[in-house]
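Q: Have a look at this prediction, sequence included:
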There are 2 protein chains.
Amino acid sequence: MRTPAIAEIIDLLSQKWMMRIIWELRNDPMTFRELQKACGKLSPTVLNIRLKVLREAEIAQKHKDHGYTLTHMGQELLEVYKPLNEWAIDWQIKRKKTKT
Amino acid sequence: MRTPAIAEIIDLLSQKWMMRIIWELRNDPMTFRELQKACGKLSPTVLNIRLKVLREAEIAQKHKDHGYTLTHMGQELLEVYKPLNEWAIDWQIKRKKTKT
DNA sequence: TCTCTTTGCTACTAAATATGTAGCATACTA
DNA sequence: TAGTATGCTACATATTTAGTAGCAAAGAGA
C-alpha cells in the first residue's frame, strides 16, 4: 500500500512556515528577503530549506531576475486557501460568541 | 490592524501533526491511542498538547465515554481537505511525468 | 574604477520543540 | 481479583528552529 497523495502534501504543509510562505507568494514575485520580512521572524536558514522543498515539489520556482513565484501547480494549491479562508472567518465569528 | 482569520488558522495547522490529527479524526470517534497509532510515530506528549489546542479551538471534542470526535466546525474544516485531496492527486500524477 | 546597495544564501550557537520510553491512576472485563 | 485498555504525565535524548553575522555576486552611481 503506497502513501496516499493527501498524506504527502499534509507532511509537506505541516512543516513550520510552509503554508505561510505559499500564502505570502500570492503576491508574485517575492524576493528572498521580502518573503522573510512578510513572514515575520522566519530565519534565512529555514526559508532556504523550505524554498528548496517547494522547488523540488514544483510548487514554487525561482525567477530569472530576482525573487520567487508560484508555479501553475502552486497557484492551484493557493485556490485551496479560499475555502480555508472562508472557514476561518466563520470560525472567528463563532468563537467570539462563545467567549467571555 | 488585527490578525486575519486565515493567519490564525495557518498558525494552528502548521504545528506538527495538527493537520494529520484532524484528518485521522474523519473516522469518528478515535481514542487517544488509536490516534497515536494512526499517525505513526506521534508521541503522547505532543498528541496531548495538540488535542488540548484543538479542544480550545472548538475543532475537536472529547467524547463522554472514550475517544475524540470533531465538532461541527471541525467537520466543516475537514471539508477543506477535499479540494486539497483532489489537488494532491493531480500533483502526484504530474510529478510522475516529470521524473526520470 | 571605486564605493554603496541589494541580492540569495551559508555558518554557527542558543533556544525551542519533538521523540521515545516507562509508568501511573482509573475503569472496565473475565 | 487478576488482566487489559484507557487517557495522560515525566523525563532524558534527539531534532528542528531562531537569531545573528557575514560572504560572494550583481547592479547603480560617481
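A: Cool, the structure landed.
Q: Tell me where chain A has strands.
A: Secondary structure of chain A (DSSP state E): strands located at A:60-62, A:68-70.
Q: For stretch A:10-23, buried residues please.
A: A:10, A:12, A:13, A:14, A:17, A:18, A:19, A:20, A:21, A:22, A:23 (16 or more other C-beta atoms under 10 Å in any protein chain shown). Bear in mind the C-beta positions are built from the backbone N, C-alpha and C, glycine included.
Q: that older thread, adding distance to DNA strand D and mean pLDDT, write the strands of chain A out as CSV.
A: Shown next, in CSV, are those (distance: least, C-beta to the nearest atom of the strand, whole Å; pLDDT from 0 to 100):
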stretch, distance to DNA strand D, mean pLDDT
strand A:60-62, 13, 96
strand A:68-70, 17, 96
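Q: Is it possible to get TSV of those strands that adds distance to residue B:61 and mean neighbour count?
A: Below are these laid out as TSV (distance: least, C-beta to C-beta, whole Å; neighbours: other C-beta atoms under 10 Å in any protein chain shown):
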stretch	distance to residue B:61	mean neighbour count
strand A:60-62	37	18
strand A:68-70	36	19
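Q: Distance to residue A:94 for these - can I get that in CSV?
A: Output for the strands of chain A, formatted as CSV (distance: least, C-beta to C-beta, whole Å):
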stretch, distance to residue A:94
strand A:60-62, 34
strand A:68-70, 31
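Q: re earlier: now, which of the buried residues of stretch A:10-23 lie close to chain B?
A: Residues of these in contact with chain B (C-beta under 8 Å from any C-beta of the partner chain): A:10, A:13, A:14, A:17, A:18, A:19, A:20, A:23.
Q: so how far is DNA strand C from the spatially most central residue of chain A?
A: Nearest to the mean C-alpha position of chain A, counting by C-alpha atoms, centre = their mean, stands residue A:22 at 2.4 Å. Here residue A:22 is placed at a distance of 16 Å from DNA strand C (C-beta to the nearest atom of the strand, to the nearest Å).
Q: Quick one: distance of the longest helix seen in chain A to the chain centre.
A: Scanning chain A for the helix with the most residues, using DSSP state H, yields helix A:72-98. From the chain centre to the centre of helix A:72-98 is a distance of 13 Å (C-alpha atoms, centre = their mean, to the nearest Å).
Q: list the buried ones in that helix?
A: For helix A:72-98, by 16+ other C-beta under 10 Å, it's A:73-74, A:76-78, A:80-81, A:83-85, A:87-88, A:91-92.
Q: again with stretch A:33-52
A: A:35, A:36, A:39, A:42, A:46, A:47, A:50, A:51.
Q: which one among these gets closest to residue B:61?
A: Checking these against residue B:61 by C-beta to C-beta gives residue A:39 as the nearest, at 31.9 Å.
Q: my guess is the closest one meets residue A:21, correct?
A: Yes: with contact defined as C-beta atoms under 8 Å, residue A:39 and residue A:21 form a contacting pair (6.7 Å).
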